[in-house]
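J.: prediction below, plus the sequence it came from.
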Protein chains: 2
Amino acid sequence: MLSKKIKAALEGSSAIRAMFVEGKELAAKVGEENVFDFSLGNPATPAPESIKTVIKELLDEVDPLVLHGYMSNSGYEDARAAIAGNLNKRFGTDFTWENIVMTVGAAGGINIVFKAILDPGDEVIVFAPFFGEYRSYAANFDASVVAVQPDFETFQPDLAAFEEAFTEKTKAVLVNTPNNPTGVIYSDETMKKIAEILLRKEDEYQKEIYLISDEPYRELIYDGAEENFLTKYYHNTIVGYSFSKSLSLPGERIGYIAVPNAVTDAKELLAGIEVANRTLGFVNAPSLMQKAVAGCVNEKTNLEFYDQNRKDLYEGLTKLGFTCIKPQGAFYLWVKSPVENEKEFVAAAKKYNLILVAGSAFGCGGYVRLAYCISNEKINRSLEAFAKLAEEYHLEG
Amino acid sequence: MLSKKIKAALEGSSAIRAMFVEGKELAAKVGEENVFDFSLGNPATPAPESIKTVIKELLDEVDPLVLHGYMSNSGYEDARAAIAGNLNKRFGTDFTWENIVMTVGAAGGINIVFKAILDPGDEVIVFAPFFGEYRSYAANFDASVVAVQPDFETFQPDLAAFEEAFTEKTKAVLVNTPNNPTGVIYSDETMKKIAEILLRKEDEYQKEIYLISDEPYRELIYDGAEENFLTKYYHNTIVGYSFSKSLSLPGERIGYIAVPNAVTDAKELLAGIEVANRTLGFVNAPSLMQKAVAGCVNEKTNLEFYDQNRKDLYEGLTKLGFTCIKPQGAFYLWVKSPVENEKEFVAAAKKYNLILVAGSAFGCGGYVRLAYCISNEKINRSLEAFAKLAEEYHLEG
């Protein structure tokens, strides 16, 4: 009855979502306050108050036929101009509204870019560990992802392996920094080398190869790190963004794609992305929310909230003897499993009401991901449960 | 650079959108008030005032972490329950929240249903004239539409031709009543016969064949017609709905899919649709709007507004000697072109600042579509321009 692709997808459905459901089930049994659910990247600090104010103003001041009406499939010109201007101010880019396409979140954005550029059989290089949905997104267009293993010390990409991953079918390279699931920020040096290799490969294969930057965590950075914007490294860079994390609006599905003029035939690519937005069924990004985020483009999320969680969890688990990658951004902690098969570890953790996600969901077994976007009180209470888990594995803090 | 599919799509891009752009260009030249743009189905009567009130209440009363947060990929349970309850009251169905999946408009809804059920090579039968985007939606999954020509007197489906259109690749039949572009409502008799044929074909091919009902115009009906809900005719019926027209919210991309329990393995199909919603990149329908439409589920649009336009335009054009199909629903008028190639007629109309859409965009040449969702004042002023056009073709009123 179901299509073959969806049948397969149902069988191997998202491990993250599965853990989220398990967490809910556990909560029903032992009480929500006793479950430490580190499964889902659902922001735990609310949208800034100004979102509410701006939406109310829009409702009072904008003609409802405009506010809730059709616009160009790429979005309202004023919303796109506001975003372009904000990026230009922060990153010295030279965008106009025409470089921006409003999208149904970053997931919608990546899918319409993929639809615009990928033919069946094409390959997209991704750096493990990576957001598992990338695999589904490529499969939507009968393309596939080719995963490059990381340097296991730093969790920066292994650049020698990267260079070897190219084939004549490579159409794009997808980066996600600050990274989900490791929290690592790819260094300036890493990005420069990725760009060098890309240029060499464009020359070798005599065709465009895109760098697609999935940037939902761009502003979630700690320890005084500087916000980075990847178009400066490489000419054929396409940026995908979501306001899900930066403004705590994940349910609203609002983001954008930016295509710089430096991209080969940028106008044609933008036209293709616009058509893909329509024909894949998005039509356009939600209208009221386009104007709402444009009105809040200078707002920031509560970084201190995540930073406190980051410190408490990283220090707490390290003290207990767990091996953790220190997160520089996003809101994930990447922890080495004390046993090779991390699924065993995930199962053991569940006994103490700790819901973790197996690294194999991110193409990188032997590790687990903790999303620390939950209350700080819970983070600190969870450390007792982790202490028992550490004991079970005879870890020494 | 672009994928082959998108390259082709760009070349043959939406005729409706193209006319919309031409209308804008013309407006820039001769002044918006002098252009009679009948191209786009963009509601011209505003969203009910209660949408504003409900959104403000939601902003004041619902925790922003909930209001703008992730929920199940199928949508908030309370929004789905409100819609289920409303349908049950109006149509005697027995839906619960579990039968409803909130979607990014009807376009998003049809795409995730298609993704859930269509394998490459599958066929979807549609009744000409039909919304041209159906072709793109099927192509997204390497399936195709098979168009059945209408009875040219009534623009009800030609049921003999329908029966002959089935092959072993037929996976679904897509109906859209009240119809875009004709404004015709498929009669009770038509629907019963369609159901009979479907049952026979399920038996003949020994597999499920779905009836997909695309119902954005369900409530836009005139002359005392009764609202219809197609699940009563055939067991394997899936309903796709959008609030775009009924609440004048086309830009917000909010709708739903309803899968009755009578559908074979309904739960599995719903699970497949949910996964498709996530993996195609929608993730979920916009969160605030889910709750907003649930709060306005008993609201109605300003039917009198469209009805006045319908009467004035139908009567005006008929008097001038044009052959028009009398619309029973939606907000479209279907007019026979005075010359065989209706594209010539569309070009001639443009000389009088009349923007029409060629019927070939709907798989049915020789006719044009007029979307009469513009101001009544303009409808009446447009009749002078139509008079000149009628004169050019020597029509006799």
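T.: Cool, got the structure. Please read these numbers as outputs of a predicted model, since none were measured by experiment.
J.: chain B contacts on the stretch 251-397 of chain A?
T.: Contacts of the stretch 251-397 of chain A with chain B, taken as CB under 8 Å from any CB of the partner chain, map to A:251-254, A:264-265, A:268-269, A:271-272, A:275-276, A:278-289. Just so you know, the C-beta spots here come from the backbone N, C-alpha and C atoms, and that holds for glycine as well.
J.: could you redo the last one with a cut-off of 7 Å?
T.: A:251-253, A:264-265, A:268-269, A:271-272, A:275-276, A:278-284, A:286-289 (CB under 7 Å from any CB of the partner chain).
J.: now a ChimeraX select for only the buried ones of these.
T.: Command for ChimeraX that selects the buried part of these, burial taken from 16 or more other CB atoms under 10 Å in any protein chain shown:
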select /A:251,252,253,268,269,271,272,275,276,278,279,280,281,282,283,284,286,287,288,289
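J.: how far off centre is the helix or strand of chain A with the lowest mean pLDDT?
T.: Among the helices and strands of chain A, helix A:15-30 carries the lowest confidence by mean pLDDT, DSSP states H and E, at a mean of 81. Taking the mean of its C-alpha atoms, helix A:15-30 sits 22 Å from the chain's own mean (CA atoms, centre = their mean, to the nearest Å).
J.: need the residues that contact that helix.
T.: Helix A:15-30 has contacts (CB atoms under 7 Å, 6 or more residues apart in numbering or on different chains) with A:35, A:37, A:39-40, A:132, A:353, A:355, A:357-358, A:361.
J.: next helix or strand past it?
T.: strand A:36-37 (DSSP states H and E).
J.: check which helices and strands the helix or strand just after that next one is in contact with.
T.: Downstream of strand A:36-37, the next assigned helix or strand under DSSP H and E is helix A:49-61. Under the contact definition 3 or more CB pairs under 7 Å, 6 or more residues apart in numbering or on different chains; DSSP states H and E, helix A:49-61 sits against helix A:287-295, helix B:49-61.
J.: go again with 6 Å.
T.: Helix A:49-61 makes packing contacts with helix A:287-295 when contacts are defined by 3 or more CB pairs under 6 Å, 6 or more residues apart in numbering or on different chains; DSSP states H and E.
J.: list of residues touching the helix it packs on?
T.: With CB atoms under 6 Å, 6 or more residues apart in numbering or on different chains as the contact definition, helix A:287-295 has outside contacts at A:54-55, A:58, A:67-68, A:75-76, A:79, A:82, A:102, A:243, A:252, A:254, B:251-252.
J.: just among the contacts of helix A:15-30, which is most surrounded?
T.: Highest neighbour count within those, by other CB atoms under 10 Å in any protein chain shown: A:V357, with 28 neighbours.
J.: close enough to count as contact, that one and A:R369?
T.: Yes: when contacts are counted by CB atoms under 6 Å, A:V357 is listed as touching A:R369 (4.6 Å).
J.: now do the strands in chain A.
T.: A:36-37, A:100-103, A:123-127, A:144-148, A:170-175, A:210-214, A:237-242, A:255-258, A:324-325, A:332-336, A:354-355, A:357-358, A:367-371 (DSSP state E).
J.: out of those strands, nearest to B:E49?
T.: For B:E49, the closest of the strands of chain A is strand A:100-103, at 26.6 Å, according to CB to CB.
J.: so which residues on the stretch 101-250 of chain A come close to chain B?
T.: Residues of the stretch 101-250 of chain A lying close to chain B (CB under 6 Å from any CB of the partner chain) are A:107-108, A:111, A:116-119, A:136, A:208, A:249-250.
J.: can you list phi and psi of A:T96 for me?
T.: phi -120, psi 180 (degrees, to the nearest 10).
J.: mind listing what it touches?
T.: A:A84.
J.: cool, and the one 3 residues further on?
T.: Residues in contact with A:N99, defined by CB under 6 Å, 6+ apart, are A:258-259.
J.: nearest to chain B, of the contacts of helix A:15-30?
T.: Closest approach between these and chain B, by CB to the nearest CB: A:L40, at 6.7 Å.
J.: ok, the nearest residue to the closest one once chain neighbours are set aside to A:S248 distance?
T.: Leaving aside its sequence neighbours, A:L40 sits nearest to A:F20 (CB to CB, 6 or more residues apart in numbering or on different chains; 4.7 Å). Separation of A:F20 from A:S248 (CB to CB, to the nearest Å): 18 Å.
J.: more neighbours: which of the two?
T.: A:S248 (24 against 21).
J.: separation between the more buried one and A:G321?
T.: For A:S248, the distance to A:G321 - CB to CB - is 34 Å.
J.: next up, the contacts around the residue nearest the centre of chain A.
T.: In chain A, the C-alpha nearest the mean C-alpha coordinate belongs to A:P216, at 5.0 Å (CA atoms, centre = their mean). Residues near A:P216 by CB under 6 Å, 6+ apart: A:106, A:242, A:244-245.
J.: can you put those residues in TSV and add pLDDT and neighbour count?
T.: Compiled in TSV, those are given as follows (pLDDT from 0 to 100; neighbours: other CB atoms under 10 Å in any protein chain shown):
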residue	pLDDT	neighbour count
A:A106	98	27
A:S242	98	28
A:S244	96	26
A:K245	95	26
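J.: circling back to that earlier point, A:S187: which of the contacts of helix A:15-30 is nearest?
T.: So of the contacts of helix A:15-30, ranked by how close each gets to A:S187 (CB to CB), first place is A:G132, at 24.4 Å.
J.: so the closest one touches A:A361, yeah?
T.: Yes: between A:G132 and A:A361 there is a contact at 5.0 Å, judged by CB under 6 Å.
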